[in-house]
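**Q** Quick one: sequence and predicted model below, then my questions.
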Amino acid sequence: MVKISTRINIEINRTIRDIELENKIPNLKPLVRLFSKIKFNGSEIPEDGLIDTGAHISVIPFYIWKKLNVDVVAEHKMSGAVPDKILPVNVGYVKGKFIDEYGNESKEIRFLSYLTFTNKVPIILGIRDLLEKFDLCILFSQNKAYIEENLDNINFAKT
């Protein structure tokens, strides 16, 4: 049974390392990454997504968005996801739900996304659409994080 929840746990990963930079800077700490499962509207299987606090827009690989009912609104070019490359993308809206390891899921929300024509990019969940619907809470000293429904924004899928 699926439980719609106002709180969805987020994974904090502190094991990813930048070996090249560590060779230049002794005692460099590992990177901090926030991950969540997301189930896109029209897909049965949840996918792993990186919550990027520096990204204003989400990035969705081709193999995912080609199967979804997306609302394409523009053509554009994207940089940064693949080093030293500018990629043509569609820009559009996808819908999905966050899911945690306990089976809790959020209400459906809509993400503005770069829809790439390659599968060589990760799912990046941009922070803008997330923060308009949820509060992001990071308890770093406890190695815990979660998103919690912002009760001021009850109508998720329509905005």
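**A** Here it is on my side, so go on.
**Q** Averaged pLDDT, the helix or strand containing Asp48. What do you get?
**A** Secondary-structure element containing Asp48, defined by DSSP states H and E: strand 47-52. When pLDDT is averaged along strand 47-52, the result is 94.
**Q** so what strands line up beside it?
**A** Take DSSP bridges as the rule and strand 47-52 pairs in its sheet with strand 33-40 (antiparallel), strand 124-126 (parallel).
**Q** Which of those sits closest to Lys144?
**A** Smallest distance to Lys144 across the strands paired with strand 47-52 (C-beta to C-beta): 11.1 Å, for strand 33-40. Just so you know, the C-beta spots here come from the backbone N, C-alpha and C atoms, and that holds for glycine as well.
**Q** list the buried ones in that closest one?
**A** Counting neighbours by 16 or more other C-beta atoms under 10 Å, one finds that the buried residues in strand 33-40 are 34-40.
**Q** ditto for stretch 112-121
**A** Residues of stretch 112-121 classed as buried by neighbour count (16+ other C-beta under 10 Å): 112-116, 121.
**Q** quick one, the longest strand that the chain contains and strand 33-40 angle?
**A** Using DSSP state E, we find that the single longest strand of the chain is strand 86-99. Per axes from the mean of the first three to the mean of the last three C-alpha atoms, to 10 degrees, the angle that strand 86-99 makes with strand 33-40 is 80 degrees.
**Q** still on that earlier bit, may I see the buried residues of the strand holding Asp48?
**A** By 16+ other C-beta under 10 Å, the buried positions in strand 47-52 come out as 47, 49-52.
**Q** now it: how far from the chain's centre is it?
**A** Remark: strand 47-52 is offset 4 Å from the chain centroid, using C-alpha atoms, centre = their mean, to the nearest Å.
**Q** again, but for stretch 143-150
**A** 14 Å.
**Q** so how far is Ile147 from the nearest residue to Gly54 once chain neighbours are set aside?
**A** Once flanking residues are discounted, Gly54 sits nearest to Ile127: 7.4 Å by C-beta to C-beta, 6 or more residues apart in numbering. Separation of Ile127 from Ile147 (C-beta to C-beta, to the nearest Å) stands at 11 Å.
**Q** what about those two, which has more around it?
**A** Each of Ile127 and Ile147 has its neighbours counted (other C-beta atoms under 10 Å); Ile147 has more, 24 against 18.
**Q** what's the nearest residue to the more buried one if we skip its chain neighbours?
**A** The shortest distance from Ile147 to any non-neighbouring residue, by C-beta to C-beta, 6+ apart, is to Phe134 (4.0 Å).
**Q** tally of neighbours for that neighbour?
**A** Neighbours around Phe134, by other C-beta under 10 Å: 22.
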